[in-house]
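# Here is my input; please provide its structure:
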Amino acid sequence: MAKTQPKDRRFFTTTEVARYCEVSNDGVLKWIKSGKLRAFSTPGGHYRVSAEDFREFLKLYAFPIQESFFGTETSAARTRRVLVVDDEPDQREILVRLLSKIDPDWVVDQAADGYEAGIKIGMNRPDLVVLDIMMPKVDGLSLCRTIRSNQETRSIRILAITGEPGKKALALEAGADVCLIKPVGFERLRHELSSLLGRRRPRSTRRPRQQA
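Next up is the predicted model:
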């Protein structure tokens, strides 16, 4: 059920909700469309669930509540580390400049391919990885899966970018929180990045349970 965007500035993607509840993305969409889980839609058509509404849903359907998942406004405001991964130097520089415009305090690093990105992720633990799907050596989809399969890195947020609309679903299935289609406008990028970095991801998993 769609509603007016709430005042609480902490929001979760359907992917995050699905991982927390250990159900599929389709399951979360069914909850939203049936009115069980309140959500609003971004200009790009992505659903977002406020922390307040998600808490209410978890209590109503007897899901455990992990306080570490929700974080606080204080932790959300700390300096963020972002890794930009793209095999095209010009595209990397454009993204770095855009990120600097969005928030000059973000610490932004670069990697030319998925292999180099894997090394830097292991060393620096960025809060967010912005990656292109099509890359040599280790492509974006493989990198997403690697990040999500490792307990130490699975909490990292991933924003994928692709020039092929058909790759979007694959990117989300591989673990990306959001996948944008090129060309990506500044305001759209700013909105998605600000939303993604506004709250934490869960750092642990639990046993599967049935949908509400």
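# ok so F40 is a strand residue?
Yes. Under DSSP: H, G, I helix; E, B strand; the rest coil, F40 sits within a strand.
# Can you name the residues bridging to it?
R48 (DSSP bridges).
# surely it meets Y47?
Yes. Counting by Cβ atoms under 8 Å, F40 touches Y47, with 7.3 Å between them. The way it works is simple: take the backbone N, C-alpha and C, and place the C-beta from them, glycine included.
# what's the neighbour count on the nearest residue to D103 once chain neighbours are set aside?
Excluding its sequence neighbours, the residue lying closest to D103 (Cβ to Cβ, 6 or more residues apart in numbering) is R80, at 7.3 Å. As a burial measure, R80 scores 19 neighbours (other Cβ atoms under 10 Å).
# Going forward, count from 140.
In the new count, where the first residue is 140, that last one comes out as R219.
# what's R219 in contact with, if anything?
242, 244-246, 266-267, 336 (Cβ atoms under 8 Å, 6 or more residues apart in numbering).
# And the buried ones among those, selectable in PyMOL?
Selection of buried members from the contacts of R219 for PyMOL, criterion 16 or more other Cβ atoms under 10 Å:
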select buried, resi 245+266+267+336
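# Mind listing residues that contact the helix or strand where D165 lies?
Using DSSP states H and E, D165 maps to helix 164-173. With Cβ under 8 Å, 6+ apart as the test, helix 164-173 has contacts from 140, 153-154, 156-157, 160, 176-178, 186, 188, 196, 311, 350-351.
# List just the nearest of those to G302.
Set against G302, the nearest of the contacts of helix 164-173 by Cβ to Cβ is L311 (16.3 Å).
# Give the buried residues for the helix holding D165.
Under the neighbour-count rule (16+ other Cβ under 10 Å), helix 164-173 has 164, 166-168, 170-171 buried.
# Pull out the buried residues from the contacts of helix 164-173.
Buried, going by 16+ other Cβ under 10 Å: 153-154, 156-157, 160, 176-178, 186, 188, 196, 311, 351, out of these.
# Would you mind putting the residues you listed into CSV with distance to E206 and pLDDT alongside?
Converted to CSV, the buried ones among the contacts of helix 164-173 look like this (distance: Cβ to Cβ, whole Å; pLDDT from 0 to 100):
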residue, distance to E206, pLDDT
T153, 21, 88
T154, 20, 84
V156, 16, 90
A157, 20, 88
C160, 16, 91
L176, 20, 96
R177, 21, 94
A178, 22, 91
Y186, 23, 87
V188, 17, 89
F196, 16, 95
L311, 27, 95
A351, 20, 44
